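Engineer: A structural model of the following input is requested.
(one chain, ligands or ions: 1)
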Amino acid sequence: MRTILTSLIFFSAWCSFGQSNAQESSKLILALPFKEGKTRIVTQGYFGKYSHQGEHALDFRLRKGEAVFAAREGIVYDLKEDEDRNFWKGIKSYRANFVILKHDDGTFSKYMHMQKEGVLVNVGDTIAKGELIAEAGSTGNSTMSHLHLVCYKINDKGEKITFPTFFETKKGVIELKAWHIYRKPKEVKKN
Ligand SMILES: [Zn+2]
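Structural biologist: Okay, here's the model as predicted:
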């Protein structure tokens, strides 16, 4: 009896160890999408009231023309870079320029608001984590130059389901929040 009990305790301990390990390995860690060593502010976070309703999206304040780097490796799935105009909430509907990367787990990440001709990659290109992909801007629903980044998957009904991610910062691996400033480490881990 005692042996069985001991085995059970060991077995349940082993199971919970396995679970926490699985969670840890499934945690998606992205690189900040701006230049290494730089510090930038997040001006709107997940479910932000201005324009992120129901969306795990992040806005990084980047200057017009500033380099945008891939947060994660992937293949260029779609892009748009012919728009030069922006609008304030609800007034007009110019569409923002964008780049969408598709990842090997079937999910996507979308980078938005780049300046006209500000997409530096082509559909089908293989992109490494930390690679230069675009130049920031303020096209579409935007009042000042910034980068909107959102990660999502498409479910069986064809709906876009966004999800939260973690970023590698100078202070460690964390979830980003609005009105916080983050420094990108000098060297991006390619994992
Ligand atoms: Zn946004």
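
Engineer: What residues does the protein have near the ion?
Structural biologist: Applying Cβ under 5 Å from the ion, we find that the chain lies next to the ion at 57, 59, 148. Where you see a C-beta, it was placed from the backbone N, CA and C, and this is true even at glycine.

Engineer: So what's the residue count around the second one?
Structural biologist: Other residues near residue 59 number 24, with proximity taken as other Cβ atoms under 10 Å.

Engineer: bridging residues for it?
Structural biologist: With DSSP bridges as the criterion, residue 59 is bridged to residue 44, residue 148.

Engineer: That one and residue 115: what is the separation?
Structural biologist: Distance, residue 59 to residue 115, using Cβ to Cβ, to the nearest Å: 16 Å.

Engineer: And the residue of this protein that's closest to the ion?
Structural biologist: In the chain, the residue that lies nearest the ion is residue 148 (3.4 Å; Cβ to the ion).

Engineer: Near that residue, how many other residues are there?
Structural biologist: 23.

Engineer: Then residue 74?
Structural biologist: Other residues lying near residue 74 total 24 when counted by other Cβ under 10 Å.

Engineer: How about the contacts made by it?
Structural biologist: Neighbour list for residue 74: 101-104, 109, 126-127 [criterion: Cβ atoms under 8 Å, 6 or more residues apart in numbering].

Engineer: The residue nearest to it when sequence neighbours are not counted - how many residues pack around it?
Structural biologist: Nearest residue to residue 74 in three dimensions, chain neighbours excluded: residue 101, at 3.4 Å (Cβ to Cβ, 6 or more residues apart in numbering). Counted by other Cβ under 10 Å, the residues lying close to residue 101 total 25.

Engineer: would you say residue 101 is within a strand?
Structural biologist: Yes. According to DSSP: H, G, I helix; E, B strand; the rest coil, residue 101 belongs to a strand.

Engineer: So in terms of bridging, what pairs with it?
Structural biologist: Note on residue 101: beta-bridge partners residue 76, residue 109, judged by DSSP bridges.

Engineer: wait, residue 82 sits on residue 116?
Structural biologist: Yes. If you go by Cβ atoms under 8 Å, residue 82 and residue 116 touch, sitting 6.8 Å apart.

Engineer: Spell out which residues are contacts of both of the two.
Structural biologist: Between them, residue 82 and residue 116 share the contacting residues residue 97, judged by Cβ under 8 Å, 6+ apart.

Engineer: Give me the more crowded residue out of the two.
Structural biologist: residue 116 (14 against 10).

Engineer: measure the more buried one to residue 84 for me?
Structural biologist: Applying Cβ to Cβ, the value for residue 116 to residue 84 is 4 Å.
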